[in-house]
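1. using only what follows, build the 3D model:
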Amino acid sequence: MIKISNLSKSFYNNVVLDDISVGIEKGDVVALIGSSGAGKSTFLRAVNCLEKADRGRIDLEGFQVDFSKISKKEKLTLRRETAMVFQQFNLFLHRTALENIKEGLKVVKKMSDEEADVIAREKLHQVGLSDRADYYPQHLSGGQQQRIGIARALAMEPKLLLLDEPTSALDPELVGEVLCTITDMAKAGQTMLLVSHEMNFVYQVATKVLFLDQGKIVEQGSPKEVFYNPRSNRTKEFLSNYYRAQAPEFLI
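-> Reported below is the predicted structural model:
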């Protein structure tokens, strides 16, 4: 069980995260939805300490941290137990796909090159890119680069995988291959905290959906509960606007 409690963050007196708490069971896929600026990405970045939270705690299967006074050692430990998949891939441009995956294993986990190589190749196979091991990022499509980013995160064997709008930088025709990879991870039991604007995908893959608005969780429940029986007027408004912008096949 992972518990995030009372997570709060402000920028120049602007409250971005307002006392957010959430429990995540092992194997859960918790999806954060909401309008741009609602605090979704900041929430992920605060959990991973890429943004320093003003206050809040995390209990990561017994490893407990107070974000307001986290030490450097605790931060490193937290980042070993979580892994982040970014919108913009963030691959090292002058390293091959295989080398990108090996980097964290060697630097963070202090593995030998041989040990890291075995795991990196296994993860490349897992995301269907074994034949791209020696390719540099500029020779890979956006979808392939994102799948390398996912493989890099999975190689760290995180207790919690954080995905920040992993398809937002992709052309529409490349979105499907990344979503299929994430779906496979969910089926394999990977615990995930996911920010996405792909509502149909969220409905299919999430075990729990949180709707954020102005830094607060105003709705939470199963995908069926949130999408088909929302209680908050703000959630109803958000989904209504989304439905109007989509093809009528949504949620078939």
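
2. tell me how far the spatially closest residue to S68 that is not a sequence neighbour lies from L17.
-> Nearest in space to S68, with sequence neighbours left out and distances taken as CB to CB, 6 or more residues apart in numbering, is R55 at 4.7 Å. Just so you know, the C-beta spots here come from the backbone N, C-alpha and C atoms, and that holds for glycine as well. The gap separating R55 from L17 is 10 Å, by CB to CB, to the nearest Å.

3. shared neighbours of these two, anything?
-> Overlap of the contact sets of R55 and L17 (by CB atoms under 8 Å, 6 or more residues apart in numbering) consists of 7-8.

4. neighbour count for these two, which is higher?
-> L17 (25 against 15; other CB atoms under 10 Å).

5. so that one touches F11, yeah?
-> No: in this structure, L17 is not within contact of F11 by CB atoms under 8 Å, at 10.0 Å.

6. you'd agree the residue nearest to S68 is up against S8?
-> Yes: using CB under 8 Å, R55 makes contact with S8 at a distance of 5.0 Å.

7. pairing partners for the one helix or strand S5 maps to, with directions?
-> Following DSSP states H and E, the helix or strand that holds S5 is strand 2-11. Taking DSSP bridges as the criterion, strand 2-11 forms sheet pairs with strand 14-24 (antiparallel), strand 55-60 (antiparallel).

8. what are the ranges of the strands in the stretch 1-150 of the chain?
-> In the stretch 1-150 of the chain, the strands defined using DSSP state E, counting those that start in this stretch lie at 2-11, 14-24, 29-33, 55-60, 63-66, 82-85.

9. deepest of those, which one?
-> Of the strands of the stretch 1-150 of the chain, the one with the most neighbours on average (mean count of other CB atoms under 10 Å) is strand 29-33, at a mean of 25.

10. compute the inter-axis angle for it and strand 14-24.
-> Using axes from the mean of the first three to the mean of the last three CA atoms, to 10 degrees, one finds that strand 29-33 and strand 14-24 are set 160 degrees apart in direction.

11. ok, and what's touching strand 29-33?
-> The list of residues contacting strand 29-33 from outside it, by CB under 8 Å, 6+ apart, reads 22, 24, 40, 43-44, 186, 191-197, 199, 202, 205-212, 223, 226, 238.
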